[in-house]
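Asker: coords please:
(chains A and B)
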2 protein chains.
Amino acid sequence: MEAPDFKEFAKAMTDYIAEYLENIRDRQVVPSVKPGYLRPLVPEQAPQQPEPWTAVMADIERVVMSGVTHWHSPRFHAYFPTANSYPAIVADMLSGAIACIGFTWIASPACTELEVVMLDWLGQMLGLPEEFLARSGGEAGGVIQGTASEATLVALLGAKSRMMQRVKEQHPEWSDTDILSKLVGYCNKQAHSSVERAGLLGGVRLKSLQPDGQRRLRGDTLRDAIDEDIRNGLIPFYVVATLGTTSSCTFDALDEIGDVCLSHGIWLHVDAAYAGSAFICPEYRYLMKGVEKADSFNFNPHKWMLVNFDCSAMWLKQPRWIVDAFNVDPLYLKHDQQGSAPDYRHWQIPLGRRFRALELWFVLRLYGVENLQKHIRRQIALAHLFEKLCTSDDRFELFEEVTMGLVCFKLKGSNEINEELLRRINGRGKIHLVPPKIDDVYFLRLAICSRFSEESDIHISWEEIKSSADEVLKSQKK
Amino acid sequence: MEAPDFKEFAKAMTDYIAEYLENIRDRQVVPSVKPGYLRPLVPEQAPQQPEPWTAVMADIERVVMSGVTHWHSPRFHAYFPTANSYPAIVADMLSGAIACIGFTWIASPACTELEVVMLDWLGQMLGLPEEFLARSGGEAGGVIQGTASEATLVALLGAKSRMMQRVKEQHPEWSDTDILSKLVGYCNKQAHSSVERAGLLGGVRLKSLQPDGQRRLRGDTLRDAIDEDIRNGLIPFYVVATLGTTSSCTFDALDEIGDVCLSHGIWLHVDAAYAGSAFICPEYRYLMKGVEKADSFNFNPHKWMLVNFDCSAMWLKQPRWIVDAFNVDPLYLKHDQQGSAPDYRHWQIPLGRRFRALELWFVLRLYGVENLQKHIRRQIALAHLFEKLCTSDDRFELFEEVTMGLVCFKLKGSNEINEELLRRINGRGKIHLVPPKIDDVYFLRLAICSRFSEESDIHISWEEIKSSADEVLKSQKK
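Answerer: Just a heads-up that it's a prediction; the model follows:
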């Protein structure tokens, strides 16, 4: 494909995209295809000769859109949101055209340096303490990871190497495997599944602790667990505090947890993957009280801050524990400026990395902080609107206090009736939700996901849930 | 930013991108900026109010391009290529607009299913044995990883859990840490640094073995190492064979290595990150003889097959070892169709994943297999042209046989004179190369990286190297 064809194709795609997104609420939110639907729609092999771009364009609806779950539809209330915005899409075009691999500073100085500065912008927007930011002049700073899972794993690996070194100094006679078998980390039982997975990947024990009645991990619980493990000869090294759990968006008692970690020299990682975006609004920062006690902090602009996937922002006070632990430094990656700017390849699991800071730069400039705050506040207001509708119907009850853009609710009654309700809702196919279960209570969670969502959309979703409930309750009575 | 603005902005960006790429050879390949150049060029904070897109557009040259290393310039000969093509850029636009997270089948059936079929297309193009492909009907199949580093790590983790289970069955009295401390893997001393890093991340021992005189890892060397380790009570579990090493693009003796692995039940992973793309041309498949003996195979279409980063294609004969090892399955990620299509989140380190199969689909259709083969053959021919120029000057010698798009060469003489030569070349700033060192011999490597490279570009690069050599040799004589 040459430049003139590219121009036609990219412009046609631009129009298609605008059309798709502006009318997305008219599409069926989850497709009705069955597994294996796509294979018969395309040839068995790649074509030998090139096809015209119009042929590809003509297949998008037939092959792709027929099997897409529309995450950006106002009818989509599952999981947490993933971001999508016009500025981010255009930024990605430029990133794709430059197509540099920013593994070292010299490999593309702009790629590294824009990332350093954008993470400073972002950190200030959130009100993170200066000691997390590169502009503080020390080693600290931010980095873009692919996902929160990777951030959790990177922090775990940093914590592991810090504690390994400390223990080796105290017990030079212990082998690595001796120490490794004693390491233990902690998180709320309600922490994201990727925390458990990070433990599996890193080959260390992670314990899930029981939260309090409001599903928050508290300092006392953590302290008791640590004390007991120390008595049993184990070595506590890592704690993940979650701000905004996936199941019901609750917030661990960070301030209390931070004190416990500080007093034991344990690495504290904050996973604010979804809720972190809300901290750009000062009125929500009370939820991250104590953040200055953490060693690393992570949230996903690609969830709720209109930056397309993948852009998971992570700050580290002491990146050296990651950098030094996995620093393999072949000659072809060395350069004269080493040490005077971060070589981000040492801060992450993969070697290669895209020019992702462009997305942040475009989104922050083209929205401005105020519009991003408006976006967060608007989505939280829509959640409260749904909350009001839900609590005004006395067949329903809330499962959790609403603080962010998530409403956890259920029909008063058994798990079975709520399972039946969700089956009906998803079966009717007009809106889409996924269920969690906490302490054997099955409930429904409605996340505000689309930047196109308006009050009228929330009313439609509520009507849909109400009608489904009517059906369920009617069939129960029979 | 609303749709009308987006349309204007995206179309202006389209024109900018075409202009940038079509004239890329006129830009200085590596920028002359110093670390810290960018911070003074942008405000200290994100703007409160939105800026117009024209303001962002106006800053691209000043802030970004002034610090970009132009990987797609025909003057760029460093590392290995990274891909960039018009069809891939347009595909990414669509991927950004759909912006689904394909962690499970139901989360967007098209995202999973197009990936399954595209990896089948690609596997057939490479001539991979059917037992690697999903179309064979078993559990085998392909997956898109972010990078080859991740593929190497995923394979290592699969190998680890397979061997752990096997050993536990034989020695139920051994603990996990007992077994872990005995596991040992192997690779060529010339394997990529990410292999060593995978060992560090996975917490297992990896041994670098001495290659033969042509820098290839041979079966005998591997067998001797394994036998000795078994005598010493260790448990060999994983071997990485490299097809196309980073330093000099040599190929391990896969067929021999495969026999050794088969006879010991060891997981064999093939890392063909760069050279794998060449296997779409049947005349190069002799270099992957024995591939049917491997357990996993990986190459990067995002290096040499015109698919933008990140798209690292990996095939696994028994994905179950990865899937089962790190399978954490919360209720909100369960769905009714589990088991009838892959849930790719179990095949990779992160949880989230973009709709990357679109890039493969667009590139394969809009180039067609024949044009992709032409691209590979053309770049290899350009490498042979440079080889001819280089060997026609008797001050130079080749360090390695040229098989792919990489030429390893040096001035006859000391390391110092070659270090000085590279310093001159990069100092003059017209072309860019990076050096490797093997067995204490420092040499230069010229990679053909740009899809815009023509014969005349190779002559320019050669003239630049020759003039630099003139200067170096003249100053030596003084």
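Asker: for the helix of greatest length in chain A, which helices and strands make contact with it?
Answerer: When secondary structure is assigned using DSSP state H, the longest helix within chain A turns out to be helix A:357-391. In this structure, helix A:357-391 makes packing contacts with helix A:86-98, helix A:109-126, helix A:301-304, strand A:396-398, strand A:406-411, helix A:455-477, helix B:53-59, judged by 3 or more C-beta pairs under 8 Å, 6 or more residues apart in numbering or on different chains; DSSP states H and E. C-beta here means a position set from N, CA and C on the backbone, and glycine is covered the same way.
Asker: try 7 Å this time
Answerer: Taking 3 or more C-beta pairs under 7 Å, 6 or more residues apart in numbering or on different chains; DSSP states H and E as contact, the helices and strands that helix A:357-391 lies on are helix A:86-98, helix A:109-126, strand A:396-398, strand A:406-411, helix A:455-477, helix B:53-59.
Asker: average pLDDT for the fourth one?
Answerer: Within the predicted structure, the mean pLDDT of strand A:406-411 is 97.
Asker: likewise the shortest one?
Answerer: Strand A:396-398 shows an average pLDDT of 97 in the prediction.
Asker: how about it: buried residues?
Answerer: Going by neighbour count (16 or more other C-beta atoms under 10 Å in any protein chain shown), the buried part of strand A:396-398 is A:Phe396.
Asker: mind listing what's buried along the longest helix of chain A?
Answerer: If you call a residue buried by 16+ other C-beta under 10 Å, then helix A:357-391 has these buried ones: A:357-369, A:372-373, A:375-376, A:379-380, A:382-383, A:385-387, A:389-390.
Asker: now it: mean pLDDT?
Answerer: Across helix A:357-391, the average pLDDT comes to 98.
Asker: also stretch A:424-435?
Answerer: Averaging pLDDT along stretch A:424-435 yields 94.
Asker: anything in that stretch near chain B?
Answerer: Yes - applying C-beta under 7 Å from any C-beta of the partner chain, one finds stretch A:424-435 touching chain B at A:Val434, A:Pro435.
Asker: just the buried residues of that stretch, please?
Answerer: By neighbour count with 16+ other C-beta under 10 Å, stretch A:424-435 contains the buried residues A:Arg424, A:Ile425, A:Asn426, A:Lys430, A:Ile431, A:His432, A:Leu433, A:Val434, A:Pro435.
Asker: make a markdown table out of those residues and add secondary structure.
Answerer: Listed next are these as a markdown table, based on DSSP: H, G, I helix; E, B strand; the rest coil:
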| residue | secondary structure |
| --- | --- |
| A:Arg424 | helix |
| A:Ile425 | helix |
| A:Asn426 | helix |
| A:Lys430 | coil |
| A:Ile431 | coil |
| A:His432 | strand |
| A:Leu433 | coil |
| A:Val434 | strand |
| A:Pro435 | coil |
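Asker: which of the residues you listed lies closest to B:Arg223?
Answerer: Using C-beta to C-beta, A:Val434 is the member of the buried residues of stretch A:424-435 that sits closest to B:Arg223, with 51.2 Å.
Asker: which residues touch the closest one?
Answerer: For A:Val434, the contact set (C-beta atoms under 7 Å, 6 or more residues apart in numbering or on different chains) comprises A:Ala78, A:Tyr79, B:Tyr332.
Asker: same deal with A:Glu471?
Answerer: If a contact means C-beta under 7 Å, 6+ apart, then A:Glu471 has A:Arg424 as its contacts.
Asker: can I assume A:Val240 sits in a strand?
Answerer: Yes - assigned with three-state DSSP, A:Val240 falls within a strand.
Asker: touching, it and A:Thr152? I think so.
Answerer: Yes - at 6.3 Å, A:Val240 counts as touching A:Thr152 under the criterion of C-beta atoms under 7 Å.
Asker: of these two, who's got more company?
Answerer: Here A:Val240 and A:Thr152 are set side by side on neighbour count (other C-beta atoms under 10 Å in any protein chain shown), and the busier one is A:Thr152, at 32 against 29.
Asker: and stretch A:45-64, what's buried?
Answerer: Applying a neighbour-count criterion of 16+ other C-beta under 10 Å, one finds A:Ala46, A:Pro47, A:Pro50, A:Glu51, A:Trp53, A:Val56, A:Asp59, A:Ile60, A:Val63, A:Val64 buried in stretch A:45-64.
Asker: with respect to B:Gly142, which of the helices and strands packed on helix A:357-391 lies nearest?
Answerer: helix A:86-98 (22.7 Å).
Asker: check the buried residues of stretch A:45-64 against chain B, which are close?
Answerer: Near chain B, judged by C-beta under 7 Å from any C-beta, the entries from these are A:Ala46, A:Pro47, A:Pro50, A:Glu51, A:Trp53, A:Val56, A:Val64.
Asker: where do the strands sit along the stretch 151-300 of chain A?
Answerer: Listed in chain order, the strands of the stretch 151-300 of chain A (DSSP state E, counting those that start in this stretch) span residues A:183-188, A:205-209, A:235-242, A:267-271, A:296-299.
Asker: off-centre distance for the third one?
Answerer: Relative to its chain's centre, strand A:235-242 lies at 19 Å (C-alpha atoms, centre = their mean, to the nearest Å).
Asker: just put the contacts of A:Val434 in TSV and tack on secondary structure, distance to A:Pro319 and pLDDT.
Answerer: Supplementary listing: the contacts of A:Val434 in TSV, determined by DSSP: H, G, I helix; E, B strand; the rest coil; distance: C-beta to C-beta, whole Å; pLDDT from 0 to 100:
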residue	secondary structure	distance to A:Pro319	pLDDT
A:Ala78	coil	35	96
A:Tyr79	coil	30	94
B:Tyr332	helix	32	76
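Asker: okay, those in a markdown table with neighbour count next?
Answerer: Formatted as a markdown table, the contacts of A:Val434 follow (neighbours: other C-beta atoms under 10 Å in any protein chain shown):
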| residue | neighbour count |
| --- | --- |
| A:Ala78 | 22 |
| A:Tyr79 | 22 |
| B:Tyr332 | 18 |
